[in-house]
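1. Model the structure of this input:
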Amino acid sequence: MKIKLLIAFVALTAWTFGQSKMVWIQQADKYYAKQDYANALALYELALNDESVKGVAVLPYEYQLTNQKFGKAKKKIEVPVHDYVRHQVAMCQMNTFDYKRAEEHFKTTKELPSFESDRFYYANALKNNGKCEEAVVQFDLFIHASYSPDSMKHLAQQGKSGCEFATSDKKIRPGVDVQLMDGSFNAGTSNFATAYFGSEDKIMFTSARAGGVILSPEQKSEFLCDLYWVEKKDGAWGNISNFGRPLNSAQHDAGSAYNGNNVIYYTRWSDVNRTEKKIYLARMIDMKFFEANELDAKVNSIGYSSMQPFVSKDGKTLYYSSNKPGGKGGFDIWKIDLDEGGNPLGESINLGYPVNSIADEVTPFFHTHSNTLFFSSTGFNALGGLDVFKSDFEEDKEAYAYPENLGEPINSTRDDVYFIMDEKLEYGFVSSDRA
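-> A predicted model of the protein is given here:
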């Protein structure tokens, strides 16, 4: 949505249902554009619950069926304000992982002429809520609808494939036991992105919890991501430590990777602009860090996100995910060579098909001893949300094999990411928002 259109609309229709209501929607749109879905949702719901919004006012809206992500064609239409707000509420609920409420709203908005493609999101919500049979019906209706863009039909086919996988015996991976880490790891509001820190008995991870790095009293560290580390001794994990400044900042610092030679790569972003995440490099001596440097345009692109770095065991290759131009769609996995000092060499290479798809591929982990790339994706035959997949690198073909879903209990109907394993593929970690 273009803000200038909203401004024009306020001037023309304030008399229709009150300027204050339009201000709610306008401000919610600004939050939504910054991917601040929680604040956007609060304001959209204020407008949705106001009876005056249910009037005849319409919103000039440059509408893209695929929510400005998958399709190319745009058409300019007039959308009833109430319908638009209901759609935005559902999108916010989906993006804040409240799939139950998203399902309820998409069930209504999929019938609106302006938002027919919400049937796709409705099917996905059903799938993430474990209602695979109902989801298949909705995916089929969307696939055979005349209004559906081909790119989204392909995603719907993948969603249907995931439902079929979820109801088959193949989804269970025998011999796997997944246990929740204790409360010291899972304190605060969020904990994820476990990575080895020089050995398998020393790890880093990301957490938003009390006691983090802040620069002003207004900031709340329990809602701000910092990097932490912990070491195992005599079979028990020790005290968890914040890396402190300057590695951590008053912004979000997350998803770290160690190159084995005193360099840590990680992602940094601000709540002011969540649409642009960048990978930073920090050097250390005896656990004391210098100021981090943002990697150059070989990795980071203005207006896009590059994130979730992983460094190969020999320290020569940096893998990461990005939605920058040149990919297959959504977030893709890229790689770039590193010199002896850990600096990027040459140009980034998109791993291409079959690893990358029109969906999102994120959180790469390359297991050297098995020559296998592990990553998470919303595509292929995912059970729901992001699932962990593996793709063996076939040296004779110099190509990756078609990704295989690791199945339950590693995966669930929610988001399962940041999968790592030890050298023997016996023990590891995965981050998940499952119950």
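2. okay, and for this structure, where does confidence drop off?
-> Within the chain, the segments meeting pLDDT under 70 span 1-20, 51-77.
3. which helices and strands does the longest strand along it pack with?
-> Determined from DSSP state E, the single longest strand within the chain is strand 273-285. Strand 273-285 makes packing contacts with strand 263-270, strand 293-294, strand 306-311 when contacts are defined by 3 or more C-beta pairs under 8 Å, 6 or more residues apart in numbering; DSSP states H and E. For the C-beta atoms, the positions are set from N, CA and C on the backbone; glycine is no exception.
4. what lines up beside that strand in the sheet?
-> strand 263-270 (antiparallel), strand 288-289 (antiparallel), strand 293-294 (antiparallel) (DSSP bridges).
5. Same question for that strand: list its buried residues.
-> By neighbour count on 16 or more other C-beta atoms under 10 Å, the buried set for strand 273-285 is 274, 276-283.
6. As JSON lines, these with distance to D140 would be great.
-> JSON lines is the format used below for those (distance: C-beta to C-beta, whole Å):
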{"residue": "R274", "distance to D140": "34"}
{"residue": "E276", "distance to D140": "37"}
{"residue": "K277", "distance to D140": "36"}
{"residue": "K278", "distance to D140": "41"}
{"residue": "I279", "distance to D140": "40"}
{"residue": "Y280", "distance to D140": "45"}
{"residue": "L281", "distance to D140": "47"}
{"residue": "A282", "distance to D140": "49"}
{"residue": "R283", "distance to D140": "54"}
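7. Strands of the stretch 1-150 of the chain, residue ranges please.
-> With DSSP state E, counting those that start in this stretch as the criterion, the stretch 1-150 of the chain has strands at 58-63, 75-80.
8. So what angle separates the directions of the longest strand of the chain and strand 306-311?
-> Angle between the axes of strand 273-285 and strand 306-311 is 30 degrees (criterion: axes from the mean of the first three to the mean of the last three C-alpha atoms, to 10 degrees).
9. which ones are touching E291?
-> Each residue near E291 by C-beta atoms under 8 Å, 6 or more residues apart in numbering is listed here: 246, 282.
10. Confirm it sits in a strand?
-> No - assigned with DSSP: H, G, I helix; E, B strand; the rest coil, E291 falls outside any strand and is coil.
11. by contact count, what packs against the longest helix along the chain?
-> Longest helix in the chain by number of residues, with DSSP state H as the criterion: helix 150-166. Helices and strands touching helix 150-166, by 3+ C-beta pairs under 8 Å, 6+ apart, are helix 118-128, helix 132-143.
12. picking that back up, mind picking the two most distant members of the buried residues of strand 273-285?
-> Within the buried residues of strand 273-285, R274 and R283 form the most distant pair, 27.0 Å apart (C-beta to C-beta).
13. Show me which positions of the longest helix of the chain end up buried.
-> Residues of helix 150-166 classed as buried by neighbour count (16+ other C-beta under 10 Å): 151-156, 158-163, 165-166.
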